[in-house]
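Trainee: Need a 3D model of the sequence below.
(one chain, ligands or ions: 1)
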Amino acid sequence: MSAQPEYSFFDAVSASFDKAARFTSWDPGILEQIKQCNSVYRMHFPVKIGDKIETIKAYRVQHSHHKTPCKGGIRFATTVNLDEVMALAALMTYKCAIVNVPFGGAKGGINIDPKKYTPYELEKITRRYTHELIKKNFIGPGTDVPAPDYGTGEREMAWILDTYTSMKPGEIDAQGCVTGKPVTQGGVRGRREATGLGVFYGIREICTMKDMMEKAGLPVGIAGKRVIVQGLGNVGFHAAKFFRLGGAKIVAIAEFEGAIYNPEGLNEEEVFQHRKKEGTILNFPGATNILQSGEALELDCDILIPAALENVINGENAPRIKARIIGEAANGPLTPEADEVFIRKGILVVPDMYLNAGGVTVSYFEWLKNLSHVRYGRMEKRFTENLNQAVLGQIEKLTGKEVGDQEREFILHGPDEADLVYSGLEETMISATREIIDAWKSNPSIPDMRTAAYVVAINKVGTSYAELGIFP
Ligand code: GLU
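Mentor: Coordinates of the predicted model:
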């Protein structure tokens, strides 16, 4: 699963960009401006770990300022390098454009193995990194807003927030300097499961499209579909959960140490608890072990969800993949060579930069909540419930009939924060799916859905630049 040495993730993103740019009519100068990373910040800083000083290498890349603030996660991993952070920042620009989140793309990373440090040491590293960002104006609710990514979560976001607010006393919108925070620290309900849920909403929408499903050789709908998930982190876990709740069967789950397979379906929560207890996903009751984790991707299934890292499906293993639909929950799990194989084989690849946009979409909702300083639903929940009560009362009085308890509960319920966040996310993913599919259908020479998604993104960012008057 490790990256091939000659592989450049940024080059792969640029190759996909160039492939799509041919289907747009933008001036080559605008295309070049859209493609390049606007600002690259590479830093080294010292942190005292035990009685030694360690020099930590870290990055923040702002790919585009066509809209501000810039937005994107922060990754903690030993694989973090400049090329990767640049590629991920670029993907954020296109991602935000497609789902109409008014931000430019960014990404950050610290080259560490978070498992090798105590929470106290990680806190020191995170706080120092935040200081470096503040010094160079690379963080702030109106400039650049980090979020969780691979190896980080709510805890790290809380440290970033605390460092920022302590250095910017009195800044009224300071809470919006980072998203993916704990709910008690200005986070929004629904952010944790947002990416996985967005993946589900996106694939579900594709599965309702008769013509797309005919092409894939599958029946319409999610129910009964056999799904394989790679990665049981936050994204993979929640994607598996929502597919299962939607009626699909999770037939295999793959992790670093191996994979497990059960054609009757796996329960992600039970698998998660098993892994926590045993320290491995293997030997899960009722499932077959697959010792070479990568082989699980090649099993027979309807939908394959790579939800781990980039470059896991490439020219080498792509010919052996049997799934009919691949939903890219991770960023960049397929290489351009793999894309070519799947175009030839007629396998539908639902691309990362829109399919996993649920995270940043709900981050946008969190940021709006922080700027408005009020919880979603606070103003209207009771009003709606009282209104619903009155309307239902009138209907029952006029008809002389009563609705059942379950229906009553549903009708009377006024929306709370999670309801509104889910609804906004569902709407976002459905509209984005339709917009990309329409762009694809409107030009039969567009070879795949990724290219169609890039065309949509390039047109939106291009329009934004043009309207700014930068390119008269
Ligand atoms: N790290 C996530 C991503 O790659 C979320 C970014 C955000 O919420 O800003 O999309």
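
Trainee: Which helix or which strand is home to the residue in the stretch 201-350 of the chain positioned nearest to the ligand?
Mentor: Closest contact between the stretch 201-350 of the chain and the ligand, by CB to the nearest ligand atom, is at residue 331 (5.5 Å). C-beta coordinates here come from the backbone N, C-alpha and C atoms, glycine included. Counting by DSSP states H and E, no helix or strand carries residue 331.

Trainee: Can you report how many residues lie near it?
Mentor: Using other CB atoms under 10 Å, residue 331 has 24 neighbouring residues.

Trainee: And for residue 61?
Mentor: 28.

Trainee: Now do the phi/psi pair for it.
Mentor: phi -120, psi 130 (degrees, to the nearest 10).

Trainee: Three-state assignment for residue 64, please.
Mentor: coil (DSSP: H, G, I helix; E, B strand; the rest coil).

Trainee: Counting neighbours, what do you get for residue 214?
Mentor: 11.

Trainee: now it: how far from residue 346?
Mentor: Between residue 214 and residue 346 the computed distance is 11 Å (CB to CB, to the nearest Å).

Trainee: and what of residue 50?
Mentor: Separation of residue 50 from residue 346 (CB to CB): 56 Å.

Trainee: Can you name the residue of the chain nearest to the ligand?
Mentor: For the chain, CB to the nearest ligand atom, closest residue to the ligand: residue 73, 2.6 Å.

Trainee: Burial check on the closest residue to that residue other than its chain neighbours, number of neighbours?
Mentor: Excluding the flanking residues, the one nearest residue 73 by CB to CB, 6 or more residues apart in numbering is residue 149, at 2.8 Å. Other residues within reach of residue 149, judged by other CB under 10 Å, total 24.

Trainee: if I pick residue 149, what's in contact with it?
Mentor: 72, 73, 74, 75, 88, 107, 109 (CB atoms under 8 Å, 6 or more residues apart in numbering).

Trainee: Which secondary structure state is assigned to the first one?
Mentor: Secondary structure assignment for residue 72 (three-state DSSP): strand.

Trainee: correct me, but it touches residue 92?
Mentor: Yes: using CB atoms under 8 Å, residue 72 is in contact with residue 92, at 4.0 Å.

Trainee: So which of the two has more stuff around it?
Mentor: Set side by side, residue 72 and residue 92 show more neighbours around residue 72, with 32 against 29, by other CB under 10 Å.

Trainee: Output the set of residues of the stretch 351-472 of the chain in proximity to the ligand.
Mentor: 356, 359, 360, 363 (CB under 6 Å from any ligand atom).

Trainee: Helix or strand: which one has the second one?
Mentor: Secondary structure from DSSP H and E places residue 359 in helix 358-372.

Trainee: Can you name every helix or strand that that helix contacts?
Mentor: strand 70-76, helix 82-98, strand 144-148, helix 194-207, helix 417-442 (3 or more CB pairs under 8 Å, 6 or more residues apart in numbering; DSSP states H and E).

Trainee: Quick one: those as TSV, columns for mean pLDDT too.
Mentor: Listed next are these as TSV, based on pLDDT from 0 to 100:
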stretch	mean pLDDT
strand 70-76	98
helix 82-98	98
strand 144-148	98
helix 194-207	98
helix 417-442	98
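
Trainee: okay, the ones you listed in CSV with distance to residue 11 next?
Mentor: Shown next, in CSV, are these (distance: least, CB to CB, whole Å):
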stretch, distance to residue 11
strand 70-76, 19
helix 82-98, 8
strand 144-148, 25
helix 194-207, 25
helix 417-442, 23
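
Trainee: Spell out which parts of this protein neighbour the ligand.
Mentor: 71, 72, 73, 147, 149, 179, 180, 331, 356, 359, 360, 363.

Trainee: picking that back up, okay, and the common contacts of residue 72 and residue 92?
Mentor: 105, 106, 107, 360.

Trainee: was I right about the second one contacting residue 144?
Mentor: This means residue 106. Yes: with contact defined as CB under 8 Å, residue 106 counts as touching residue 144 (5.5 Å).

Trainee: what touches both of these two?
Mentor: Contact criterion CB under 8 Å, 6+ apart; residues shared by residue 106 and residue 144: 60, 62, 70, 71.

Trainee: so the first one sits in a helix?
Mentor: To tie it back to what came earlier, the one meant is residue 60. No: per three-state DSSP, residue 60 lies outside any helix segment and is strand.

Trainee: Let me know the outermost residue of the chain.
Mentor: Relative to the centre of the chain, the most outlying C-alpha is that of residue 400, 49.2 Å out, by CA atoms, centre = their mean.

Trainee: host element of the closest residue to residue 23 other than its chain neighbours?
Mentor: Among residues not flanking residue 23 along the chain, residue 455 sits closest, at 5.0 Å (CB to CB, 6+ apart). Under the criterion of DSSP H and E, residue 455 resides in helix 449-468.

Trainee: Residue 224 now?
Mentor: Secondary structure (DSSP H and E) places residue 224 outside all helices and strands.

Trainee: how big is the angle separating the helix or strand harbouring residue 10 from helix 449-468?
Mentor: Under the criterion of DSSP H and E, residue 10 resides in helix 9-21. Angle, helix 9-21 to helix 449-468, by axes from the mean of the first three to the mean of the last three CA atoms, to 10 degrees: 80 degrees.
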